[in-house]
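[1] Give the three-dimensional model of this entry:
(chains A, B and C)
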Amino acid sequence: MSTVRLNAEGAENAEKNFLQKEAGTPGKTNPRLGLIAFLRLCLSRSCRGFFSIFSLRSLRPPRLSLRPHSPDWGLVFVYALVLALVGAGRAISPEFLTHKYLMQTALAVALLGIVSVGVAFITYSRHYVDLSIPGIMALSGIIAVSALKYGFIASLAAGLAAGMAIGLANGLVVGYLRLNPIIWTLAMMAVLSGVIRKAYGGAQVYPDAATDAGRAFLDLYHVEVLSIVPLPVAILAILAAAGYFLMRHTGFGAQLKLAGSSYEVARMTGVNVRRAVMAAFIISSATSAAAGILLTSFNKVGAQYVGRGYDFAAITAVVIGGTTLAGGRGGILGVIGGVMVIALLSSVLSLVRVGDFTFGEFEKAIVQGVVFILVVGAGSYSRRKSGLDDA
Amino acid sequence: MTDSGMALQMEKVSKRYPGTLAVDNVDFAVHAGEVHALVGENGAGKSTLMKMIAGAFDDYTGRILIGGREVLLHSPAIAKANGIQMIHQELSLAPALSIAENILAGRLPARGLVVNRGAMLAETRRCLGRVGLDLDPEMPVEEISPHEAQLVEIAKALGNNPCILVMDEPTSALGREEVQRLFAIIGNLRRQGLAIVYISHHLAEIFEVADRVTVLRDGRRVATRPMNQVTPAALVEMMVGRSASDLYARRKTRPGAQKLRVENLSRYGFFHDVSFGIRAGEILGLCGLSGAGRSELARSLCGIDPVDEGHVRLGGMDVTPRSYRAAIRAGLAYLTEDRKAQGLALRLDVAANILSAIIPRQCTAGVYFGGRGRGILGDLVRTLQVLPPDPSRTAGTLSGGNQQKVLLAKWLAADPEVLILDEPTRGVDVGAKVVIHQAIGALADQGKCILLISSDLPELVGLSDRILIMRKGHLIGQLPEDRRSESAALLAANGVGDLEPA
Amino acid sequence: MRSDTGSRQAQATGPRPGAAAGRALALAYRYRVYLLLAAIVAVMTAIAPNFLTSGNFGNILKAAGVNLPAAMGFNIVMISGQLDLSIGSAMTLGGMMAVGLEPRLAALGLPPAMAWAGSFGAALLAGLALGLVNGLLVAKARINSFIVTLGTMIIVQNVVFIYCGGDTLPARSFALADGFQQPLVWVITPLILAQFAVAGLMAALMRYTPVGKGFYLMGGNPQTAWYSGLRVDRYTVGAFVLSGVLSTLGGAVVAMSEAVANPTLGDNALMTIVAAVIIGGTSMQGGKGSLVDSAVALVLLAALISGLNCRGEGYEVQLMAGGLVLALIILYDAYAEHRREKKRGQRQDLLRELHGGHI
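    Below you'll find the model as predicted:
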């Protein structure tokens, strides 16, 4: 808080001492030249004239500096962590940087990454997380398997459609009816769980390996693109690129950023906030559906427990990557960084051997939880110090 | 109290903020058993003086005496301990708790670990009795009306047995008879020997309830008079002083044909049957006391709030808005009075804020080209002299004046046909004010319509071509051309003086 | 600041049809948990065989009681304006510690009663420690409570898994468990008694002590709380400590009464508890809520599930039903809030004008 006040005071003092040369006029392609030029003309005229009491003559218009944005420290921090982990891994084991090992590591978290890319949109819009993600994943997988009899493509389409239908419902309720996202998606998860179990009688659905479609489905997870990149990793890369583009380079992304920073302000700027939030939920459900189908392929069975734990794991990755719960900050690059941190942490810990002690699945999860709190705490502390009030 | 009867004495107190002297050598005193009104325009120093009494500052100069003894009023706790209680405009009650739990917050009587319910209820009834409220002390606060909540606030303040009570705009949310009841209570408190400082914009009320009045202007005390020795007109003259609107140049361009027409606009419970027109290139000022419905009118005009009856026509076309987006597309824009919570996304940078209203225009087939805005961004930052001229600065780190410039830039970038400005220079330093005024004038010269809502009377009178008066949700008329002055405007807003039809 | 504008407008403008209905509706809304409970019991009695038997009633109380202590703690945290996601894991932890430590203490030579008391105490201490960590991180380090408790939830969950290797942990003997489950009066067992007594104690704390009122004040208006002299940080930490202790207590008591610690005890707890607390009327923003209503909501949910069970419906339908009830409640809440918002800030005198000038 005091830092912010200092800046304001500094600005006021600067106003008194400012003496800069006026910038040359760049060539304009702006159709709104008329208004602005007109304004400037009026201002400069009156500058010389009537308002001498305010000594504006001593205050020449300052030069506009279009410096690049100051670095996003959250992003820098995450990737510094990534590098540190890579370094640690390399130090412990020379095999760490081999292509094979790295691909393994990437594959292990590819699905988490896919889900996280979608969840990032929801967190970005200040709506925390979608707790019905495990249900969406399971549903998509089961529907996909059930639809295999109509063909492979149909099965994929059906699975995605099912997942996105849930996303649409969530988006409508949270976006338009403004219900609390945590409570609503919790309720939705319960209903989904029940529906899935009921519809399939608690049984699991197996892809029929006798059919072409069934075989294709079972092999799906193990496909290698260009013989080196496992399909899930490739899909992650594509979705991450698409997500990055969507968030950074579309009108939707710009509006979502505004809505996430301040819902009220976005509303008072004429942004269709409700539709933007709904879109965020639909995007998240789409990525979750994709991940659910892939996971089902990996499991070789459609079941209601598919996707368990992905909701909290995804928000962990998203927040480590610098997308704060307060919204409007962070991005896909950070999410990928967060996912990488989780992957590398797990990898590195696997290599650690202290006497007889090795890091099993549970021990790694504990370390991850501790790292999570530390990283987020540090981020929140540094943001508060630099005067940005953030969660 | 000492035998001087002087409950509160402030001698030559001053408070300096960086860049301004908010209170300048003011003498202010209140007797026990007196209601002393404090009036002045926005920015005159009333709220700073009030905060000083409440102990918000530890760096004021001058002496403060309570009951004849000098006190260093450096913290709210000290103020409380010296018998000073403040009743703010914003309610400080917790909605889910009962009346009793709110009134006795922090000092619930307890027997051991458990609340002593009997003592709590008795004490609460005692407090409520002092304000004449007969409510069930265990009723949750969220179930009582705003008027009753206001009284509960007063009861809460009284529960601390103050000698000095400061009331800040206590009637802003109240209707006629509720105000009367409040005055009756104030009369009682007066008789009980409390010293009451009463701050209000509503001159009529002050004449009803106060014994003396002190007028502040630009941080200085202009005069202190007994109520029976002043008239409203005289008060206004003192509040406003020499007409500062003379500093504003009369604009050269004359307004053209009528462009915006508002017909019988109503939003039930907020404003009724408002009709007026704005010509091309005209700045129409809208004057009224707080609570008159000006902002509500503006918001409904732009579709932010619903419209129950009436039409809005722009250039002959019916643009009665169903949503703000539709209104913006039609060419209307609203600059909010709350730049921090509704105007600017403080966590984003200046560039993002300025370009936030024209995002669709920067897109082709959904793809956002941030670069397209760079030209207009640069122009606006330069023209409005935003300091520091760095578009990547976080908006929250700018000074108030620069934040307001950024907010104005945002709507200038949208290039509306009709721009509604709500308190465009509130909390803004002099230099920024000038730039903003020039920009407004330039905009009007371009042929746009401007609706100016402002409590800054010199600004309102100086900039506007015509001035409309709103009072209690109705548009009561237009200020005649020959009587355009701040005094006349303020009197009209209080219901005094004849007006032309709008 | 909300006023029941429906009925108040009616008073201002003279008697209108529906004014009495408006008041009745408001009353129904206030006591909705009880009405819902009555409705569910009625419906289930009609459609489910063997629902209205004393044995079943005992089952309902037992099912509700499992989550009851943790729900009380969660409710306190929510009232003071925060979230605690770690309650489920804490319950599991409590169960594991109570059942797991008892043999070790007995091996040290302590008689069974002392051993159980010791392990129970240790479980409570663990809850205290967890609550302290949560509370301090939220209050002092100022990290968002969602994040902190998400982290601690994961950590505690996995600590438990390491400890038990993913398997259930049986107790040495069934003696204590039998004692817990032996009905004292009608169907009330010492287990149910203990759980409801703890809940009652917490409800009394919130309703009758200054400390409880302090939590409400903190959640309802933090500024005022500070001005009134409340030590806000202490209250924050205190809320989380209470939540931690109550959660481990709940888990410990259940494990002791079943003579086995189940690593999945807390899995569905979070969802059920959140549902109960919201149905019971606690607001996500804080400052509002009733522990008693949340307890009734737990019973209501247990009754719903039990009824469906009696009908032979499986677990899946129970889940769906719980989710649907929660969804309906929050949908209605949003609707009510929407209507209030529309009326906020209206001038009564203008409205009176509109309706013909009644005073």
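[2] switch to C-alpha atoms for all contacts and neighbour counts from now on
    Will do.
[3] can you give me the helices in the stretch 1-150 of chain C?
    Shown for the stretch 1-150 of chain C, the helices assigned by DSSP state H, counting those that start in this stretch span residues C:5-13, C:19-30, C:32-47, C:54-79, C:87-107, C:112-139, C:145-164.
[4] So which of these is nearest chain A?
    Across the helices of the stretch 1-150 of chain C, chain A has its closest neighbour in helix C:145-164 (4.6 Å, Cα to the nearest Cα).
[5] touching chain A at all, the closest one?
    Yes - if you take Cα under 8 Å from any Cα of the partner chain as the test, helix C:145-164 does meet chain A, through C:147-148, C:150-152, C:154-156, C:158-159, C:161-162.
[6] any idea of the mean pLDDT for that helix?
    Per-region confidence: helix C:145-164 scores 92 on mean pLDDT.
[7] Could you do stretch B:341-355 as well?
    On average, stretch B:341-355 scores 90.
[8] Can you give me the end-to-end span of that stretch?
    18 Å (Cα to Cα, to the nearest Å).
[9] Now do it: distance to the chain's middle.
    Put simply, stretch B:341-355 sits 23 Å off its chain's centre (Cα atoms, centre = their mean, to the nearest Å).
[10] Sort out which residues of that stretch are buried, please.
    Buried residues in stretch B:341-355, counting neighbours by 16 or more other Cα atoms under 10 Å in any protein chain shown, are found at B:342-355.
[11] Need those in a markdown table (columns: secondary structure).
    Below are the buried residues of stretch B:341-355 laid out as a markdown table (DSSP: H, G, I helix; E, B strand; the rest coil):
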| residue | secondary structure |
| --- | --- |
| B:Gln342 | helix |
| B:Gly343 | helix |
| B:Leu344 | coil |
| B:Ala345 | coil |
| B:Leu346 | coil |
| B:Arg347 | coil |
| B:Leu348 | coil |
| B:Asp349 | strand |
| B:Val350 | helix |
| B:Ala351 | helix |
| B:Ala352 | helix |
| B:Asn353 | helix |
| B:Ile354 | helix |
| B:Leu355 | coil |
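[12] closest to A:Val277 among these?
    B:Ala345 (17.3 Å; Cα to Cα).
[13] roughly how far apart are B:Lys80 and chain C?
    The gap separating B:Lys80 from chain C is 10 Å, by Cα to the nearest Cα, to the nearest Å.
[14] Most tightly packed of the helices of the stretch 1-150 of chain C?
    Among the helices of the stretch 1-150 of chain C, helix C:87-107 has the highest mean neighbour count (mean count of other Cα atoms under 10 Å in any protein chain shown), at a mean of 26.
[15] What is it packed up against?
    Applying 3 or more Cα pairs under 8 Å, 6 or more residues apart in numbering or on different chains; DSSP states H and E, one finds that helix C:87-107 contacts helix C:54-79, helix C:112-139, helix C:145-164, strand C:169-170, helix C:232-258, strand C:260-261, helix C:269-279.
[16] So for A:Asp356, which of those sits nearest?
    In terms of Cα to Cα, the element of the helices and strands packed on helix C:87-107 nearest to A:Asp356 is helix C:145-164, at 15.6 Å.
[17] tell me what the closest one is packed against?
    Packing partners of helix C:145-164 (3+ Cα pairs under 8 Å, 6+ apart): helix A:361-385, helix C:87-107, helix C:112-139.
[18] And these, which one averages the lowest pLDDT?
    Within the helices and strands packed on helix C:145-164, confidence is poorest for helix A:361-385, with a mean of 86 (mean pLDDT).
[19] ok and it relative to helix C:145-164, angle-wise?
    If you take axes from the mean of the first three to the mean of the last three Cα atoms, to 10 degrees, helix A:361-385 sits at 160 degrees to helix C:145-164.
[20] could you say what helices and strands helix A:361-385 packs with?
    Judged by 3+ Cα pairs under 8 Å, 6+ apart, the packing partners of helix A:361-385 are helix A:310-320, helix A:332-351, helix C:145-164.
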